[in-house]
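>>> Have a look; sequence and predicted model below, questions after that.
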Amino acid sequence: MKINIKKIFFDLLILVIVIAVVAVSLGAIYYISRGAEAIGYGYYRDGKNIVYGPYKERVNLDVIDAKSFRALSKQWGKDKNYTYFIYPMGEDCCYARTLPLSVDIDSFRALDSRYAVDKNYVYKNDKIVEGVNPNNFVPPPPSSE
């Protein structure tokens, strides 16, 4: 009997993908069944807190105004007071770091998981990138950094 290693590997890969999709779906069902509102990119609002789905944990920053929080991507968010760079911390969910107070909240937008801009600055993670024009900035491919 000949064993087809490629087929076994492919079947296992499909199984892993299916399990991942089911896990994410169950996370959504878990929060929505408890009255949480899905607000995009895996985030949920459960009244007073912002929750990130895969971890089933509260984002670790009490200053977030849950009522006005908007997820701009998995790593970027903003509320009426601040903009945030949100990053995972292993299995204990996430940490949200506020960006400098000079951020213009109204014009702030995420470009990708690493970069965001407002009308005045380019931001990489939670820092201002000096000497770069936000009006024509294009993020470099991840592999070129």
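The structure has been received and is ready for your questions.

>>> Ignoring the adjacent residues along the chain, who's closest to the residue positioned nearest the centre of the chain?
Relative to the mean C-alpha position of the chain, the nearest C-alpha, by CA atoms, centre = their mean, is the one of K74, at 1.3 Å. Ranked by CB to CB, 6 or more residues apart in numbering and with sequence neighbours excluded, the top spatial neighbour of K74 is Y41, at 4.9 Å. No exception for glycine: its C-beta is placed from N, CA and C like everyone else's.

>>> And that neighbour, how far from E130?
Y41 sits 28 Å away from E130, taking CB to CB, to the nearest Å as the criterion.

>>> Looking at the two, which is more packed in?
In this comparison of Y41 against E130, neighbours counted by other CB atoms under 10 Å, the higher total goes to Y41 at 17 against 7.

>>> after the lowest-mean-pLDDT helix or strand in the chain, next one along is what?
Lowest on mean pLDDT, DSSP states H and E among the helices and strands of the chain sits strand 57-58, with a mean of 55. For strand 57-58, the succeeding helix or strand toward the C-terminus, using DSSP states H and E, is strand 70-71.

>>> Show the secondary-structure elements that that following strand is packed against.
Secondary-structure packing of strand 70-71 (3 or more CB pairs under 8 Å, 6 or more residues apart in numbering; DSSP states H and E): strand 37-40, strand 76-78.

>>> Next one: N125 from Y115, what distance?
With the distance defined as CB to CB, N125 ends up 9 Å from Y115.

>>> Please apply the same query to S143.
According to CB to CB, S143 and Y115 sit 15 Å apart.

>>> Which one's more surrounded, those two?
A count of neighbours by other CB under 10 Å puts Y115 above the other of S143 and Y115, at 20 against 5.

>>> Against I105, how distant is that one?
Using CB to CB, Y115 is found at 17 Å from I105.

>>> returning to that earlier point: helix/strand/coil for the residue nearest to the centre of the chain?
Secondary structure state of K74, per DSSP: H, G, I helix; E, B strand; the rest coil, is coil.

>>> I'd like the distance between it and G40.
Remark: distance between K74 and G40 (CB to CB) = 10 Å.

>>> No more questions from me, cheers.
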